[in-house]
Structure formats: C-alpha cells, structure tokens
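A.B. asks: Provided below are the primary sequence and the corresponding predicted coordinates.
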Amino acid sequence: MNRESTNDPSVAVTKADVRIDCETPGASIMYGLSSPLIVMANKNETFTTVQTVDNPDIDVVTLTVINPTQSYSSPITIGDESLYTARKDYVAAQATKSGFTPSTAGYEGVFKSLIIYRLQTDKAYFRLEGATIYGSSSHIAGFPLRINDMTGKYILYAYTGTSEKADYKDFIWISYEIVSVWYQCGLTVNSADYVALDGPNWETSMHFTRTYGTYGLNTQWEQTQ
C-alpha cells in the first residue's frame, strides 16, 4: 500500500464506466447524456487554499429535457483524460418493450471529484484520509476514504501532475465515488519508506471541507517537523 505517487498515465483513472439496468426481461434501454459541467483547476497558483470550487448541480428543467435517444447495450464511458478537470455529468434512461407502456425516464449523476496538493518537489507521495462526518466515520455506503484506518485498506494515494510553478509538483487524487459534502485530511511523505513522515501524528493533520463533482486545491499548507 505504501507506494510512491506516480505520474504514469497508464494507471491514471480519469473516466468512469456507467452501467444501466432494467428488471423487466426483454426490455430495451435508451439513454441520453447531459452536457458536462466542468471546472478546470489552476496549474500555476501558489500560496492558496481552496477548500472547494463552486460547480452547481444541474437544474431540474435542464435535467428533465435530456432526451434518451441512444440505444444502450454495454457500459458507457463518461469523463475525460485530464488530471485537472472536475465535472458533473448526468444520465437519463428509459426502458421500452413491445406491448407495454414505456417507462418514465430515470436520472443519475456521475461526479468526478478532484483534490490537488501543490507541494515542493522533494515529496515522494501524498496520502489521503477522509470521512463524511467531521472527525468521525463515514455514513454513506461506498464512500472511498476513512479516518485513522489501521488496516491500510482505505489509505489512498495521488497521481503526480505537472505544476507550472518551479520547484513544485502536483499531487492529484480523483474519485467518482463521492456524492456528498465530506472532510479530508492529508499527509505528505518525503520517501517511499512509510516511517519518513512530515509533521505530527496523523490525527492532528488539518481538515478541509470538500464536496463532489468539483475540486479542492491546497498550495499553502504543508506539515513540517
């Protein structure tokens, strides 16, 4: 689990596959997609803490006019290849079957959430923990982070991107599994060796309020011994 963060694009997951199901045997599924709501993170800003950038949800009128005209047969891929975009996409789907009234449309959101820490280049990797309740455990099924997880199962690491600021590099974490406001803490490490830690104990790390389908940027805070 304690690997260095990587800038290998072959391991960077920036898209999500979306599966649409119908319980009626023999039904056909049609779907449609919204225009994505995208915010782009700044590559050269320093000495700034942005807990979360505003990226409002789609409004009800725009959502309900998504037209499900495309035939669905296998999971569809949503997203882009950028490490610096956060986005909100929405899917509308409808089921039809000969001899039956078509279903009403159903709607789901697909949210690409992004955390960026812009840190000095001597950092080997950056790890994250988080929860949906401040200083406590998570109460939403599928939330990908935990606080003070002793098993290592929920300790997550970042990709490294290219900062436009000299002597800095970006540690970028991406998730499609967040659907609520949440709280995040982070820890930078100088070496791939887990014992080479910066700062005090993990529990005293600073916390930031984050949300879904947008990004948080931190270029100011860095724990030091």
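C.D. replies: Thanks, I have it.

A.B. asks: okay, CA-based contacts and neighbour counts for the rest of this
C.D. replies: Fine.

A.B. asks: C-terminal to the longest strand along the chain, what's the next element?
C.D. replies: The residue-count maximum for a strand in the chain (DSSP state E) belongs to strand 106-120. Following strand 106-120 in sequence order, the next helix or strand is strand 125-131 (DSSP states H and E).

A.B. asks: and that next one, how far out from the chain middle?
C.D. replies: 13 Å (C-alpha atoms, centre = their mean, to the nearest Å).

A.B. asks: what's the answer for stretch 109-120, then?
C.D. replies: Using C-alpha atoms, centre = their mean, the offset of stretch 109-120 from its chain centre is 6 Å.

A.B. asks: quick check: mean pLDDT across the longest strand of the chain?
C.D. replies: Mean pLDDT, strand 106-120: 90.

A.B. asks: could you do stretch 17-30 as well?
C.D. replies: Here the average pLDDT along stretch 17-30 is 94.

A.B. asks: thinking again about what came up before, remind me what the longest strand of the chain packs against, helices and strands.
C.D. replies: Applying 3 or more C-alpha pairs under 8 Å, 6 or more residues apart in numbering; DSSP states H and E, one finds that strand 106-120 contacts strand 85-96, strand 168-175, strand 215-218.

A.B. asks: tell me the SS of the residue in the chain sticking out farthest from the centre?
C.D. replies: Relative to the centre of the chain, the most outlying C-alpha is that of Gly99, 41.9 Å out, by C-alpha atoms, centre = their mean. At Gly99 the chain is in coil, as set by DSSP: H, G, I helix; E, B strand; the rest coil.

A.B. asks: output the helices and strands packed on strand 106-120 in TSV, with mean neighbour count, mean pLDDT and distance to Leu156 appended to each entry.
C.D. replies: What follows is these, written out as TSV (neighbours: other C-alpha atoms under 10 Å; pLDDT from 0 to 100; distance: least, C-alpha to C-alpha, whole Å):
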stretch	mean neighbour count	mean pLDDT	distance to Leu156
strand 85-96	23	97	18
strand 168-175	24	86	8
strand 215-218	24	86	16
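
A.B. asks: nearest to Gln184, out of those strands?
C.D. replies: For these, the distance to Gln184 is smallest for strand 215-218, at 9.9 Å, taking C-alpha to C-alpha.

A.B. asks: that older thread, export the helices and strands packed on strand 106-120 as CSV, with columns for distance to Gly26.
C.D. replies: Output for these, formatted as CSV (distance: least, C-alpha to C-alpha, whole Å):
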stretch, distance to Gly26
strand 85-96, 9
strand 168-175, 34
strand 215-218, 41
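
A.B. asks: state the distance from Val110 to Asp57.
C.D. replies: Per C-alpha to C-alpha, to the nearest Å, Val110 is found 11 Å from Asp57.

A.B. asks: overlap in contacts of the two?
C.D. replies: Lys88 (C-alpha atoms under 8 Å, 6 or more residues apart in numbering).

A.B. asks: who's more crowded, those two?
C.D. replies: Neighbours per residue, other C-alpha atoms under 10 Å: of Val110 and Asp57, the larger number sits with Val110, 23 against 14.

A.B. asks: hey, what's that one bridged with?
C.D. replies: Asp89 (DSSP bridges).

A.B. asks: try Tyr125
C.D. replies: Val189.

A.B. asks: adjust the sequence numbering to begin at 57 for everything that follows.
C.D. replies: Got it, the first residue is 57 from now on, which makes the last one we talked about Tyr181.

A.B. asks: can you pull the pLDDT of it?
C.D. replies: For Tyr181, the predicted pLDDT is 72.
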